Every structure is written in structure tokens, then in C-alpha cells.
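Participant: Coordinates for the following, if possible.
(one chain, ligands or ions: 1)
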Amino acid sequence: MSRAWTAEAFYTQLEEPPTLAEYTQQARDFVARHVAEKRKVVLVTQSGGTTVPLEKNMVRFLDNFSAGTRGAASAEYFLEAGYAVIFMSRQHSQFPFTRWYSHTTNPLFDLLEEPAEGEETVQVSQAHVQGLLPILHAYHEAKRRGRLLTVPFVTVIEYLFLLRNMSEVMDPLGRHAMQYLAAAVSDFFVPADKLSEHKIQSDDQALTLQLEPVPKVLGSLVASWAPNAFVVSFKLETDEKLLIPKAERSLHKYGHQLVIGNLLQRRKFEVVLVEPHDHTWVRLPSTSAAPPHEIERDIVAAIAERHESWIASV
Ligand code: PAZ
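Facilitator: Numbers count the residues shown, from 1 in each chain. This is a model prediction of the structure:
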């Protein structure tokens, strides 16, 4: 029989990841600094799947399509807009700044000139300098000014524990906190007590898996962990007819500020911002629009503006 996990049962019955306390302390220090400087801080939960291990000594796992582009790109535009960013980073997914030269058709080594024999300096080839420079400057500026904190995760369990703790430590920011929940979180998992210790043997047998539903934690986040934050969740659908109704249902159920709806097929060119009494489409001019104008630039501009009005409205 599969259990229906409540958020409370999940957090009391499952074991905390060993690194949780360390990342929580780092986030607490980061937040304290930005509270003192009266800066807005956004928690970006990386779009990037959350892994569901099928074995304790994990050889196999379930995951999903997301490479984490939305989260990594948005983090860059939030930094540009003056926010400090806590980036919950799914390991091996896209990362702010370095994403331009990884997981892409633009590999890092193609940027570098091979030195002549005996030479020990490596140079960026002139053809790539113009493209690289602004990204490199923005990356170093974020580091120098201490504006970007990365907290990594792999599994859905690590993700959910981090999400709770990151949201809670941001509470001292009050309305200056934003949660931007772009991760593609697994809907099902195998709890530790049902996991095989070692690699599941095939022995030419069919494999039957019993997955349990991952608890929906948005209600706890909005009501208890981050009651003062501006909360933006994401809704991904593949059926156009469901997109706005499901985004509206989520907004109604959890009572947060905004849902960003996107269709799998058109997510890079079009999203809809669903608010309690309104919805607004954000679209790139044509589906052939290529970087550097990414839709995340427009999404972040629209969200930052709403966040600002929301802060001013009290
Ligand atoms: O990683 P990516 O940039 O290709 O995709 C982003 C996304 C579609 C995962 C994100 O925009 C999103 O909708 N996240 C929430 C998914 C959900 O409904 O759970």
C-alpha cells in the first residue's frame, strides 16, 4: 500500500540530509548580510529535475527532462536587477554564467586557442572575446559583491529539506524576500524504508516499482515557512487547455502571489503570468528569437516590477 505523505509526516519521518545544517548556516549568514544592506533576496529553485533514487547505493534513478535553463538564466537576470540570489542548484544542471559554455553547442574548449608547443599561456580566441566578456564580468561581480549563494541538491528529499530551510532563513527579509520556484520537482518517490540497499538485479525478471506521492509543500511554504515572502510558483503543462485553469487552481488553493504557466513545447518563447484577477502573456517576438534575448529577461523584469509594487503596497 502506498502512503499519502503529508508535509509534516515527510519532515518528521525522513532523515535530514547530512549537509543540510551547513547549507542552512551559510544561507542564514548570507541573508543577515543582505538584510543589513536592505537588499532584496530571491530564492531560485533551479529548474532541473529532482532525482528519485531506486537503490540506496544508487545506480539507477528516475528523473525528468529539465536541464535547469529557466532557473540558471533567471538567476543571472535577478542579479542584474539588483537582487541577491540563493540558487538551489541541481547538480550537473545548468548554472548561472557558466551555462553559456556548458551543456551547449558552444563548448568551452572551442573558445580557447591551443598554445604553441612550449608556451604556457592559454588565450581566448579573439572571435569569442566580445561574447565572453560581459558574462565573465557579471560572474566576477556577483562573486566579488557576495550576491550569489549556491546550495546544491540531487534528490527530491534533499530538495524538499533545503526548500524548507532556505524559506525559513529568509523570513528576516520580510517582504524583501522572493521565492521563485522553477524546479521540476518529482511527483513520486521511493522512501528509504522501501529502497533496495544494493543494485537491483535484473535476472531477466520484470521490475515492478511502487512509488509514493511526494507531498505538496507549497501550502506549508506560503502559510508557515515564508509567510511574508513574494511567492512565485511554476506550472508546466503539455495540454494548452489545462494551463490557465490549473495555474488559477494552484493560486486559489495556496493563496500566493503568482503562478507562471508554461507549455513544454513553447516554454522558451512564451509564458503566462497568472495573478488573482488577471493573467498576462509574456512572449518573445518570434519562436526563432535566438539568445542573447531570452524570455527569462522579460519574466524577471515583469516579476521584479510586481514585487516592488507589492513591497510598496503596505
Ligand atoms: O529546465 P527548463 O528551462 O528546460 O524548463 C523549465 C521548466 C519547464 C521546468 C519550468 O519553467 C517549470 O515550469 N517548472 C515547474 C514544473 C512543474 O509544473 O512542476
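Participant: does residue 179 belong to a helix or a strand, and which?
Facilitator: Following DSSP states H and E, one finds residue 179 within strand 177-181.
Participant: Residue 151 should be in a strand, yeah?
Facilitator: Yes - with DSSP: H, G, I helix; E, B strand; the rest coil as the criterion, residue 151 is located in a strand.
Participant: Please report how far it lies from residue 68.
Facilitator: Counting by CB to CB, to the nearest Å, the gap from residue 151 to residue 68 is 14 Å. Every residue, glycine included, has its C-beta placed from N, CA and C.
Participant: Okay, now the sheet partners of the strand holding residue 179, with direction.
Facilitator: For strand 177-181, sheet partners with direction are given as strand 41-45 (parallel), strand 230-237 (parallel), following DSSP bridges.
Participant: now what about that strand, what contacts it?
Facilitator: 40-45, 71, 74, 78, 83, 163, 167, 170-171, 218, 221, 226, 228-234, 303, 307 (CB atoms under 8 Å, 6 or more residues apart in numbering).
Participant: near the ligand too, which of those?
Facilitator: When CB under 6 Å from any ligand atom is taken as the criterion, the members of those that contact the ligand are residue 234.
Participant: Any of the contacts of strand 177-181 buried? List them.
Facilitator: Buried subset of the contacts of strand 177-181 (neighbour count, 16 or more other CB atoms under 10 Å): 40-45, 71, 74, 78, 83, 163, 167, 170, 218, 221, 226, 229-234, 303, 307.
Participant: which SS state does residue 186 fall under?
Facilitator: Note that with three-state DSSP, the state of residue 186 is coil.
Participant: Quick check: it touching residue 53?
Facilitator: No - under the criterion of CB atoms under 8 Å, residue 186 is not in contact with residue 53, lying 10.6 Å apart.
Participant: Off-centre distance for stretch 264-284?
Facilitator: Here stretch 264-284 is found 18 Å from its chain centre; the criterion is CA atoms, centre = their mean, to the nearest Å.
Participant: buried set for it?
Facilitator: 267, 268, 269, 270, 271, 272, 273, 274, 279, 282, 284.
Participant: same check, this time on stretch 188-203
Facilitator: Using 16+ other CB under 10 Å as the test for burial, stretch 188-203 gives 189, 190.
Participant: do stretch 148-155 as well
Facilitator: 148, 149, 151, 152, 153, 154, 155.
Participant: First residue to last residue on stretch 140-157, what's the distance there?
Facilitator: Terminal residues of stretch 140-157 are spaced 32 Å apart (CA to CA, to the nearest Å).
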